[in-house]
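have a look; sequence and predicted model below, questions after that.
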Amino acid sequence: MQEEVIRALRDRRAQIRARWEAFLRVEAVATPLANPDTLVFGINESLSEFFTLLRQPLPEKLEPEVECVCGRNPLLAYYRAGEQAMLEALILVQAEMPKLNPVARDQAFAKLKHVVSAVARREIGALSAVCQQRDEAAK
């Protein structure tokens with residue numbers, strides 16, 4: 001991803017955070033852990049990780065997706081909202097760059113989706129691995 005695009009996204013960090021929180025508040029709350037008032041405390045750290053990873057080469061492949069059999073993992077909604085906020089910001093940034101070529105635009109979109117997905121898979125998988133509802137939901 002072009003440094004200019006990353007810098008423009010970083011400049012929109014406050015707006016991305018606000019939109020992420022707004023999207024979180026629209027999501028259905030499946031458990032107390034999914035309460036938006038709780039989840040918003042992780043947004044700044046997640047954004048920092050996204051911006052760091054956007055500057056690094058993509059790994060060969062993503063970690064395997066871990067299925068949340070109970071469907072109550074609060075990070076499912078958290079990362080859905082985060083991806084939506086990041087993609088929205090990217091689209092706005094790209095719209096302000098009149099000389100951005102279509103290939104670079106598509107590569108930036110793919111890279112952003114990959115980065116968010118990689119972090120989400122890792123975090124969702126970690127929480128799903130210790131889920132106490134996992135065995136009950138599988139019955």
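All right, it came through fine. Numbering: from 1, shown residues only.

which helices and strands does the helix ranked longest in the chain pack with?
Counting by DSSP state H, the longest helix found in the chain is helix 102-129. The helices and strands touching helix 102-129, judged by 3 or more Cβ pairs under 8 Å, 6 or more residues apart in numbering; DSSP states H and E, are helix 43-54, helix 74-95. From N, CA and C alone the C-beta is placed, and that goes for glycine too.

that helix: how far from the chain's middle?
Distance of helix 102-129 from the chain centroid (Cα atoms, centre = their mean, to the nearest Å) equals 7 Å.

in it, what counts as buried?
Buried residues in helix 102-129, counted by 16 or more other Cβ atoms under 10 Å: 104-105, 108, 111-112, 115-116, 118-121, 123-125, 127-128.

stretch 20-36 now?
Neighbour-count burial for stretch 20-36 flags 20-21, 23-24, 27, 29, 34, 36 (criterion: 16+ other Cβ under 10 Å).

of those, which belong to helices?
Per DSSP H, helices hold the following members of the buried residues of stretch 20-36: 20-21, 23-24, 36.

ok, of those residues, which one's closest to Arg7?
Nearest to Arg7 among these is Trp20, at 19.3 Å by Cβ to Cβ.

nearest spatial neighbour of the closest one, chain-adjacent residues omitted?
Among residues not flanking Trp20 along the chain, Ala85 sits closest, at 3.9 Å (Cβ to Cβ, 6 or more residues apart in numbering).

count of residues packed around that neighbour?
Ala85: 24 surrounding residues under other Cβ atoms under 10 Å.

still on that earlier bit, and the ones in helices among the buried residues of stretch 20-36 as TSV, adding distance to Glu45 and pLDDT?
TSV is the format used below for those (distance: Cβ to Cβ, whole Å; pLDDT from 0 to 100):
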residue	distance to Glu45	pLDDT
Trp20	12	97
Glu21	14	96
Phe23	17	95
Leu24	15	93
Pro36	16	89
